[in-house]
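J.: dropping the sequence and predicted coords here.
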Amino acid sequence: MQTEKGSRLRRLGFLGQRPRQVFLYLLTILLLSACGEEVTRDALAPGTTVLAFGDSVTFGTGAGRGEDWPSLLAAASQWNVINAGIPGDTAHNAQHRLPDLLARFEPELVIIELGGNDFLRGLSLAGVRDALRTMVQQSRASGAEVVLVSVPRFSMLHAATGLYSDSPIYEELAEELDLLLAADVFADVLSEEAFRADRIHPNAAGYREFNRLLMERLQDWGLLQL
């Protein structure tokens, strides 16, 4: 009678294999798994041009001059961070202004934070995803690395409870395009009352926390070395 262990091995195709063959097979699986989980990039040197592309949250609405997250990132990283945030901008509109900025500044990294105003206006998720995809493709075509910042899908429930979570379209897009995704940054900041200037904007402390979380992701990916 076939033992349970023997049955499992037979299903995996291990019975009849030499021990060395089994060992090499398992080692290969482990190495491939490890490689699939590890995401690393070359570190960007001081002085590198980085384009922070977004809406009022990138602009710094809710805090004072120099307290926006692009300014904080520039000070900590010594990168040349261009704040290209426009209050009220939508992903739909932003896709049309990005090419000129890419040609003008030639950034090595583009950090995209957009979609919140689209959600507030009730624009379709598919349309937001398409616009974000276009901006990723534009950035990559220019030779830039791209980081996408997840944005909460604002609703009356979120506003009432003060609890926010990322819209799923960002993770879907990151998987589709193999993107570096800064998830649970914006949502985590807005979920803390002490970090909010209002229901949709961080205050100065919130932007410091936003930048801290973003920098953690950049360090994990190898883009930032301090």
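T.: Yep, that arrived.
J.: and the residue nearest to residue 205 when sequence neighbours are not counted, how close does it get to residue 207?
T.: Excluding its sequence neighbours, the residue lying closest to residue 205 (CB to CB, 6 or more residues apart in numbering) is residue 195, at 5.5 Å. In this view, the C-beta of every residue, glycine as well, is placed from N, C-alpha and C. Going from residue 195 to residue 207 by CB to CB, to the nearest Å gives 8 Å.
J.: how far away is the residue nearest to residue 205 from residue 203?
T.: Residue 195 is 6 Å from residue 203, by CB to CB.
J.: next: residue 174.
T.: For residue 174 relative to residue 203 (CB to CB), the value is 28 Å.
J.: same check, this time on residue 63
T.: Using CB to CB, we find residue 63 at a distance of 6 Å from residue 203.
J.: and those two? Which one has more around it.
T.: Per other CB atoms under 10 Å, whichever of residue 63 and residue 203 has more neighbours is residue 63, with 21 against 18.
J.: who are the packing partners of the helix or strand hosting residue 97?
T.: Assigned by DSSP states H and E, residue 97 belongs to helix 91-105. Secondary-structure packing of helix 91-105 (3 or more CB pairs under 8 Å, 6 or more residues apart in numbering; DSSP states H and E): strand 49-54, strand 80-85, helix 125-141.
J.: quick one: mean pLDDT over that helix.
T.: In this model, helix 91-105 has a mean pLDDT of 98.
J.: could you point out which element follows it?
T.: Counting by DSSP H and E, the next helix or strand C-terminal to helix 91-105 is strand 109-113.
J.: doesn't residue 170 belong to a helix?
T.: Yes. Per DSSP: H, G, I helix; E, B strand; the rest coil, residue 170 lies within a helix segment.
J.: that one against residue 153, yeah?
T.: No. Residue 170 is not in contact with residue 153 according to CB atoms under 8 Å; the separation is 9.7 Å.
J.: contacting residues around the closest residue to residue 108 other than its chain neighbours?
T.: Residue nearest to residue 108 in three dimensions, not counting chain neighbours: residue 48, with 5.1 Å by CB to CB, 6+ apart. Contact partners of residue 48, counting by CB atoms under 8 Å, 6 or more residues apart in numbering, are 79-80, 108-109.
J.: what distance do you get for residue 150 to residue 66?
T.: Residue 150 sits 25 Å away from residue 66, going by CB to CB.
J.: higher neighbour count, these two?
T.: Neighbour count, other CB under 10 Å: between residue 150 and residue 66, residue 150 has more, with 23 against 11.
J.: residues contacting that one?
T.: Contacts of residue 150 (CB under 8 Å, 6+ apart): 166-167, 170-171, 181-187.
J.: next one: residue 113
T.: With contacts defined as CB under 8 Å, 6+ apart, residue 113 is in contact with 52-55, 57-58, 85, 149, 151, 186.
J.: now residue 132: how far from residue 174?
T.: According to CB to CB, residue 132 stands 10 Å off from residue 174.
J.: great, nothing more from me.
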